[in-house]
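Visitor: Sharing a model that was predicted from the sequence below.
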Amino acid sequence: MQNGKRRFFGTDGVRDVANNGMMRPEQAMRLGAAYTAFLKKNGRSAPKIAVGRDTRRSGEMLQSALMAGIASAGGSSTDLGVIPTPGVSSVACTHDFDGGAVISASHNPAEYNGIKFLDGGGFKLSDEDEAEIESIFLDEKAELLAAPENIGAVLDGSRLRREYAGRLKKIMTDVKDYSCPVVIDAANGAASAFVEPLFSEWQGRVTIIANAPDGMNINRNVGVTHIDTLVSEVIKNKAELGIAYDGDTDRVLMCDRSGRVIDGDIMLWVIGRWFAKRGRLGAGVTATVMSNMVLEDLLAQEGIKVFRCPVGDRYVLDTMRRMGGKLGGEQSGHIIALEYANTGDGLCAGVLFLKAVSELCEDISTLNDRFDRYPQVLRNMPVKDKKMIMESEKVSLAAAAAEKLLGANGRMLLRPSGTEPLIRIFVESRDKKLMEDAADIMEDAIRKETEDHA
């Protein structure tokens with residue numbers, strides 16, 4: 001378990017099919033005890049942990065097990081019930097908590113579930129911290145049970161859940177223009193109970209869909225992973241804007257009245273300019289390597305810097321904190337505005353977008369036209385040995401040739417998939433032929449190297 005290597009923690013906590021693997025109640029209970037032991041090892045003698053979940057049927061079962069594990073190891077948990085992931089983060093950082101835990105599998109189907117941990121500031125744990133929790137979990141000799149007099153409590157957190165809803169409502173209060181007709185897709189997830197009160201004073205027509213969770217319909221043909229559902233509802237209802245969340249509400253995507261998607265890049269462009277106008281942007285905007293180059297072009301016209309980072313909201317946050325920026329995000333709709341939240345918050349980001357377009361007098365229907373994207377191509381190459389390909393001299397020479405061909409007119413990225421036996425070739429350029437030629441160079445090099453080692 002050295003150097004932050006993890007066995008069952010992935011990029012966003014632990015996930016599996018409910019009642020299988022790490023998502024069995026006994027495993028969740030031990031994981032809660034291991035997390036509590038980790039906090040105690042790092043100076044919290046009787047850790048206080050905020051715990052929430054999304055709307056999956058398995059959520060109550062796993063949350064009960066997790067909180068039992070926390071109590072058994074001498075920690076106290078506060079049950080926030082069904083609440084967005086950013087709500088747990090908000091509660092953890094604004095109250096006297098040592099950490100947080102969320103039971104959710106985000107955008108995955110209902111049969112999956114997951115557990116992710118936060119620190120006392122509401123931030124996701126580092127790889128090294130998760131590796132340490134794993135080592136405690138896997139240590140059969142570790143004594144995790146507290147003495148009877150030190151067993152922790154399980155407390156009601158409904159008041160804190162209402163406080164989070166109130167903070168969102170406060171952000172909404174000074175939107176200048178409430179007249180835009182909107183469609184809201186809550187994905188039958190954690191946002192379901194929050195969207196109606198949040199938009200209760202909206203003067204335009206509000207149509208809310210997918211806000212009746214039954215434990216098994218979370219993300220089912222709705223939400224950010226099924227954006228076509230939102231698109232069809234916006235067109236049918238003649239709305240100006242559609243807003244969709246994912247199961248745990250840390251992501252948001254939108255569409256205009258024509259059904260064109262407004263992704264994280266466009267949201268960063270709009271909110272970034274608004275923050276800059278108000279003097280609240282900090283050093284600049286953070287975007288991942290997958291964000292379109294036009295984002296840099298357009299923000300540069302406003303004197304705004306863009307900082308690039310690897311894909312993943314964790315890397316976005318790390319870069320924001322290191323560079324001193326207050327806004328960052330991904331194309332996929334993870335938007336982090338540090339003045340408001342310490343993690344991606346779909347509800348908050350959606351409201352900030354509405355405030356920004358209102359104060360900047362933006363025409364939502366023309367945003368896609370003005371965000372004139374560079375053509376992009378993504379090719380996935382099946383390989384047996386990702387490490388061999390990434391370290392290949394022939395592939396490195398091909399990459400240099402592709403980058404030379406693109407010059408200042410584009411860029412090329414080569415990266416291994418984190419979960420599949422694939423190498424991803426990503427090329428972007430204003431010149432579509434150059435883009436395809438550069439992608440061909442890389443594809444040919446990888447194919448030949450794979451054949452040579454077959």
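Guide: Everything's here; your move. Owing to the predicted nature of the structure, the values given are computational and were not obtained by experimental measurement.
Visitor: Can you tell me the centre-most residue of the chain?
Guide: Nearest to the mean C-alpha position of the chain, by Cα atoms, centre = their mean, lies H334 at 4.4 Å.
Visitor: Can you tell me the element A131 falls in?
Guide: Using DSSP states H and E, A131 sits within helix 127-138.
Visitor: A408: how many residues sit nearby?
Guide: 6 (other Cβ atoms under 10 Å). In this view, the C-beta of every residue, glycine as well, is placed from N, C-alpha and C.
Visitor: Would you list the phi and psi of the residue nearest to the centre of the chain?
Guide: phi -80, psi 110 (degrees, to the nearest 10).
Visitor: Might one say that it is in contact with D250?
Guide: Yes: H334 is in contact with D250 according to Cβ atoms under 8 Å; the separation is 6.4 Å.
Visitor: any common contacting residues for the two?
Guide: Counting by Cβ atoms under 8 Å, 6 or more residues apart in numbering, the contacts common to H334 and D250 are 313, 344.
Visitor: one step back: next up, the contacts around the residue nearest to the centre of the chain.
Guide: H334 touches 250-251, 264, 313, 316, 344, counting by Cβ under 8 Å, 6+ apart.
Visitor: From the residues you listed, which shows the smallest pLDDT?
Guide: Ranked by pLDDT, the contacts of H334 bottom out at D313, which scores 88.
Visitor: just to revisit the earlier point, from the contacts of H334, pick the one nearest E132.
Guide: D313 (21.4 Å; Cβ to Cβ).
Visitor: so who does the closest one touch?
Guide: Taking Cβ under 8 Å, 6+ apart, one finds 124, 250, 329-330, 334, 336, 343-344 in contact with D313.
Visitor: how near is it to R251?
Guide: In this view, D313 and R251 are 9 Å apart by Cβ to Cβ, to the nearest Å.
Visitor: Can you pull the residues that touch both of those two?
Guide: Common neighbours of D313 and R251 (Cβ under 8 Å, 6+ apart) are 334, 344.
Visitor: rewinding a little: dump the contacts of H334 to a markdown table, plus secondary structure and distance to G223.
Guide: Below are those laid out as a markdown table (DSSP: H, G, I helix; E, B strand; the rest coil; distance: Cβ to Cβ, whole Å):
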| residue | secondary structure | distance to G223 |
| --- | --- | --- |
| D250 | coil | 12 |
| R251 | coil | 9 |
| G264 | helix | 15 |
| D313 | helix | 17 |
| V316 | helix | 21 |
| G344 | coil | 14 |
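Visitor: Can you flag the buried ones in those?
Guide: The neighbour-count criterion (16 or more other Cβ atoms under 10 Å) marks 250-251, 264, 313, 316, 344 among the contacts of H334 as buried.
Visitor: ok, for A300, nearest residue in space, not its chain neighbours?
Guide: Distance criterion Cβ to Cβ, 6 or more residues apart in numbering; nearest residue to A300, sequence neighbours excluded, is V306 at 7.7 Å.
Visitor: what pairs with the one you found across the strands?
Guide: V306 forms beta bridges with V285, as assigned by DSSP bridges.
Visitor: Model confidence for the spatially closest residue to A283 that is not a sequence neighbour, exactly?
Guide: Distances taken as Cβ to Cβ, 6+ apart place G324 nearest to A283, at 4.0 Å, with adjacent residues excluded. If you check G324, the pLDDT there is 97.
Visitor: Over to R167?
Guide: 95.
Visitor: The helix or strand hosting it: what's the following helix or strand?
Guide: Element membership for R167, per DSSP H and E: helix 158-172. Downstream of helix 158-172, the next assigned helix or strand under DSSP H and E is strand 182-185.
Visitor: What pairs with that next one, parallel or antiparallel?
Guide: Strand pairing (DSSP bridges) places strand 182-185 next to strand 206-209 (parallel), strand 241-245 (parallel).
Visitor: outside of the last one, which residues touch it?
Guide: Counting contacts by Cβ under 8 Å, 6+ apart, the residues outside strand 241-245 that touch it are 180-187, 189, 191, 222-224, 227, 229-231, 233-234, 251-257, 262, 346-347, 350, 364.
Visitor: same check, this time on the shortest one
Guide: Applying Cβ under 8 Å, 6+ apart, the contact partners of strand 206-209 are 181-186, 195-196, 199, 222, 229-230, 233, 237, 239.
Visitor: now do stretch 137-157
Guide: Contacts of stretch 137-157 (Cβ under 8 Å, 6+ apart): 1, 7, 30-31, 33-34, 36-37, 46, 50-52, 67, 70-81, 91, 136.
Visitor: ChimeraX command for the buried members of those?
Guide: In ChimeraX syntax, the buried subset of the contacts of stretch 137-157 is picked out as below (16+ other Cβ under 10 Å):
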select :1,30,31,33,34,36,37,50,51,52,67,70,71,72,73,74,75,76,77,78,79,80,81,91,136
